[in-house]
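A.B. asks: what's the 3D shape of this:
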Amino acid sequence: MPVFLDFEASSLGKNSYPIEVGWVRANGKSDSLLIKPAETWTDWDPEAEAIHGISRQALEDNGIEHGLVCERLLELWNGDRVFASAPSWDGHWLSMLLRAAGQPRHKVRLEDTEVAFAEAAAGRGLSAARAQVIIAAARASAAAQPVAHRAEADARREWGVWRAVLDAS
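C.D. replies: Numbering: from 1, shown residues only. The predicted model follows:
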């Protein structure tokens, strides 16, 4: 079953790291975790903080140790396919989390949400043209809503597009 994933991060720089992970499973159940930074994770951009609203102090006070976050995700996903709207960025942050927890950086491979949408359309027997129309309409509907810039809410947006394709006739 697909899992839709999103990370919030310390910045968009080369040395950025994950600070929050959110996911939505195929059945709509979702959750998120704040991630306490590893000692070597020091990059921080106040502009990124202004966007997601998560302070470094909040991570220190309320975040879950990165190894425990990684362990929980691997347990929850347990072989599920994991999709992200920005697999390059989210893959970078997932890789940072995995490596910091002593796991191989490619233990989980992220796939682009577009793959999930195309597979859902094919499973419904939709033509490529009809699928494009439905995906575009679902994306437009999602874009009309304010962007939360929080991991769980952003993952839910992608799940919502996927559900719209599955529910299309």
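A.B. asks: where along the chain do the strands fall?
C.D. replies: Counting by DSSP state E, the chain has strands at residues 2-9, 18-25, 30-36, 64-65, 81-84, 110-112.
A.B. asks: Export those as a markdown table, with columns for distance to residue 52, mean neighbour count and mean pLDDT.
C.D. replies: To be clear about C-beta, it is placed using only N, CA and C from the backbone, and glycine gets the same treatment. What follows is the strands of the chain, written out as a markdown table (distance: least, CB to CB, whole Å; neighbours: other CB atoms under 10 Å; pLDDT from 0 to 100):
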| stretch | distance to residue 52 | mean neighbour count | mean pLDDT |
| --- | --- | --- | --- |
| strand 2-9 | 5 | 25 | 97 |
| strand 18-25 | 7 | 24 | 98 |
| strand 30-36 | 11 | 20 | 97 |
| strand 64-65 | 17 | 15 | 98 |
| strand 81-84 | 16 | 22 | 97 |
| strand 110-112 | 20 | 18 | 96 |
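A.B. asks: And these: which comes nearest residue 133?
C.D. replies: The minimum distance between residue 133 and the strands of the chain falls on strand 110-112, with 19.5 Å, by CB to CB.
A.B. asks: before we move on, the earlier item: columns distance to residue 149 on top of the strands of the chain, output as CSV?
C.D. replies: CSV is the format used below for the strands of the chain (distance: least, CB to CB, whole Å):
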stretch, distance to residue 149
strand 2-9, 7
strand 18-25, 10
strand 30-36, 12
strand 64-65, 20
strand 81-84, 15
strand 110-112, 19
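A.B. asks: So for residue 51, which of these sits nearest?
C.D. replies: strand 2-9 (8.6 Å).
A.B. asks: Can I get the closest one as PDB, trimmed to CA atoms?
C.D. replies: The C-alpha atoms that make up strand 2-9 are tabulated as PDB, following Å, rounded to 0.1, in the frame of the first residue of the first chain:
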ATOM      1  CA  PRO A   2       1.200   3.500  -0.700                       C
ATOM      2  CA  VAL A   3       2.400   5.900   2.000                       C
ATOM      3  CA  PHE A   4       2.600   9.600   1.300                       C
ATOM      4  CA  LEU A   5       5.500  11.400   3.000                       C
ATOM      5  CA  ASP A   6       6.700  14.900   3.600                       C
ATOM      6  CA  PHE A   7       9.500  16.400   5.600                       C
ATOM      7  CA  GLU A   8      10.000  19.900   7.000                       C
ATOM      8  CA  ALA A   9      13.700  20.800   7.200                       C
END
